[in-house]
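> task: produce atomic coordinates for the following.
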Amino acid sequence: MTRSSQPKRSPKPSRPCYVLEDQVGFILRQVWQRHATIFAREIGIHLTPTQWAALAKLTETGPCSQNQLGRLTAMDVATIKGVIDRLTARGLTETSPDPEDGRRLLVSLTRAGQQMAEKAAPNALAITRETLAPLDAKERETLVTLLSKLR
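Residues are numbered from 1 along each chain as shown. Just a heads-up that it's a prediction; the model follows:
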């Protein structure tokens, strides 16, 4: 048999190449770490991102049930309970019976909580600006749009 008449061998199948640095989860974790560092440095008061989310949402919506607040802030039941327990211990939130359903408690901001949210809001906006600073205006808009699609 001549060389040209020999059957061609198919190449060995190659394993997919997994490069950690190219994976979306890895990139998102790095971006989150950067954002969390900026948040901790710039928020100006001793709050975690989840505590800030609860204060900000209560400022926006007014009193609501703990379960509803958890849904609105994308926190599971255990997480939102812990967040509200810590905020209440600090005198920033309080609970009261829901006048429409006596079995349910409403979470609301105390006066101190309202003041803290007002004080922190400009810092929170600055945190977002700094997190997105490497991007131009169009890129920021595109990033937020694309990330919103992934929720």
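
> for the helix or strand of the chain with the lowest mean pLDDT, buried residues please.
When each helix and strand of the chain is scored by mean pLDDT, DSSP states H and E, strand 101-109 comes last, with a mean of 92. Residues Leu105, Leu106, Val107, Ser108, Leu109 are the ones in strand 101-109 that count as buried (16 or more other CB atoms under 10 Å). All C-beta atoms are positioned from the backbone trio N, CA, C, and that covers glycine.

> and for stretch 71-81?
For stretch 71-81, by 16+ other CB under 10 Å, it's Leu72, Thr73, Met75, Ile80.

> give me the element the last one is part of.
Ile80 is part of helix 77-89, with elements assigned from DSSP states H and E.

> and that helix, how far from the chain's centre?
In this view, helix 77-89 has its centroid 16 Å away from the chain centroid, taken as CA atoms, centre = their mean, to the nearest Å.

> closest to Phe39 out of the buried residues of strand 101-109?
Within the buried residues of strand 101-109, the smallest distance to Phe39 is 20.1 Å, found for Leu109 (CB to CB).

> excluding residues flanking it in the chain, which one is nearest that closest one?
Residue nearest to Leu109 in three dimensions, not counting chain neighbours: Leu58, with 4.9 Å by CB to CB, 6 or more residues apart in numbering.

> next, count neighbours for the one you found.
By the criterion of other CB atoms under 10 Å, Leu58 has 24 neighbours.
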